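*Asks:* predicted coordinates and the sequence they were generated for:
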Number of protein chains: 2
Amino acid sequence: MEYYSKQISKLIESFASLPGIGTKTATRLAFHVIHMPKEEVDTFANNLTSARENVKFCKECYTLTDSELCPICADANRDHSTIMVVENTKDLAAYEKTGKYTGVYHVLHGAISPMLGIGPEDIKLKELIKRLEGDIKEVIIATNSSLEGETTAMYISKLIKPIGVKVSRIASGVPVGGDLEYIDEVTLMRALEGRTEL
Amino acid sequence: MEYYSKQISKLIESFASLPGIGTKTATRLAFHVIHMPKEEVDTFANNLTSARENVKFCKECYTLTDSELCPICADANRDHSTIMVVENTKDLAAYEKTGKYTGVYHVLHGAISPMLGIGPEDIKLKELIKRLEGDIKEVIIATNSSLEGETTAMYISKLIKPIGVKVSRIASGVPVGGDLEYIDEVTLMRALEGRTEL
């Protein structure tokens, strides 16, 4: 990388350290930045540091937010007795985009994965159990349909059921608009098992 | 983007404003940054602003560098009487990587493109002509083999020839390792025209 001057090389290295960005893309981005208006670059740098510094866990649901309570937990109009358990903040956002869910969330920040050495104590699970001391009617487990997600869902349900709170799991099946032909067998089997009467 | 807190949204927007980065990738990068060590984020932000602030044109060859003269122009061991004309700093780096070129460069920062309204006065062309007042033996035109690159090469050669400096153009042909079958006709024709006796 010594073909570029030091400042450019350092910027390329910074970009290349991000996931999914190789040296070629990093070089392209670095040169783009050098040609950007100065104020925009300053804003970019500012957004980087301030997001890193100010974003923390919501003290209720553990999503990433910049205030004590996230906007959802702070909203009195939401149903605080229904908790949807998701793996991360991006999954929370995916459900928020549907606009149909009125309950609150709990972000685990991971899923149990014996292969990666991630156990129940490495995700925000005891924080979830603590929340159940309040007046909670239902816990909806919306972890991914992956091996880790399913393991986590199973683990949580076994943990919560004895407490007497209703536990449910989001449905698995054929995605809307999905072509049966291209859908894997496990999903098809799940879709069959979960069929509903019309 | 209101599904994320303000600081996260702003960082996502910053990333998404870069070329070739959509909202999904920007979101992934933003969350990566939030989980990065604080010092690394600070370095990244620092590299952004300092590259933008300190990188300028080399006063000799107009490549992007952070000193008055770029390392190549400042190197007394290079042949300062041979100038290779390239479109941008990345092309210069591509030739430097070969390690075989010992002359100096001239970076045009663009190519003549009537379609995009880029004329000879919009690229660093008069700066090149000014350099020819010195003791220059040869100008090698290494603009791209695109329509714009060829137009620029033609224009420069017509401009320089009357001055009495030798002008050459890098060879066009089949790339090494290239499969004839997949190479376009114009390239094949050029390869034929430019054949050398063995």
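*Replies:* Noted; the coordinates are in hand.
*Asks:* could you point out the longest helix in chain A?
*Replies:* For chain A, the longest helix by residue count, based on DSSP state H, is helix A:38-54.
*Asks:* how about the biggest strand by length in chain A: buried residues?
*Replies:* Secondary structure of chain A per DSSP state E: the longest strand is strand A:79-86. Using 16 or more other C-beta atoms under 10 Å in any protein chain shown as the burial criterion, the residues of strand A:79-86 that qualify are A:His80, A:Thr82, A:Ile83, A:Met84, A:Val85, A:Val86. In short, each C-beta sits where N, CA and C put it, glycine included.
*Asks:* okay, now the domains of chain A?
*Replies:* Under automatic domain parsing, the residue ranges defining each domain of chain A are A:1-40, A:77-192.
*Asks:* list the contacts for the residue sitting nearest the centre point of chain A?
*Replies:* For chain A, the residue whose C-alpha lies nearest the mean C-alpha position (C-alpha atoms, centre = their mean) is A:Asn88; its distance is 2.1 Å. By C-beta atoms under 8 Å, 6 or more residues apart in numbering or on different chains, the contact set of A:Asn88 is A:Val107, A:Leu108, A:His109, A:Gly110, B:Phe31.
*Asks:* what's the distance between A:Ala153 and A:Leu108?
*Replies:* Using C-beta to C-beta, to the nearest Å, one obtains 11 Å as the distance from A:Ala153 to A:Leu108.
*Asks:* A:Asp135 now?
*Replies:* The spacing between A:Asp135 and A:Leu108, counted by C-beta to C-beta, is 22 Å.
*Asks:* with neighbour numbers in mind, choose between the two.
*Replies:* Between A:Asp135 and A:Leu108, A:Leu108 has the larger neighbour count (other C-beta atoms under 10 Å in any protein chain shown), namely 24 against 7.
*Asks:* residues touching the more buried one, list them.
*Replies:* Contact analysis of A:Leu108 by C-beta under 8 Å, 6+ apart lists A:Tyr62, A:Val85, A:Val86, A:Glu87, A:Asn88, A:Ile123, A:Lys124, A:Leu125, A:Leu128, A:Thr143, A:Thr152.
*Asks:* okay, and which of those map to helices?
*Replies:* Among the contacts of A:Leu108, the ones falling in helices (DSSP H) are A:Leu125, A:Leu128, A:Thr152.
*Asks:* can you list those residues in TSV and add neighbour count and pLDDT?
*Replies:* Below are the ones in helices among the contacts of A:Leu108 laid out as TSV (neighbours: other C-beta atoms under 10 Å in any protein chain shown; pLDDT from 0 to 100):
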residue	neighbour count	pLDDT
A:Leu125	21	94
A:Leu128	21	95
A:Thr152	25	94
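*Asks:* among the domains of chain A, which comes closest to B:Val139?
*Replies:* Ranking these by their distance to B:Val139 (criterion: C-beta to C-beta) puts domain A:1-40 first, at 21.5 Å.
*Asks:* give me the average confidence score over the closest one.
*Replies:* Mean pLDDT, domain A:1-40: 90.
*Asks:* how about it and chain B, any contact?
*Replies:* Yes. Judged by C-beta under 8 Å from any C-beta of the partner chain, domain A:1-40 comes into contact with chain B at A:3-8, A:10-11, A:13-14, A:17-21, A:25, A:27-34, A:36, A:38, A:40.
*Asks:* same check on stretch A:115-135?
*Replies:* No. No part of stretch A:115-135 sits close enough to chain B to count as contact by C-beta under 8 Å from any C-beta; the gap is at least 14.2 Å.
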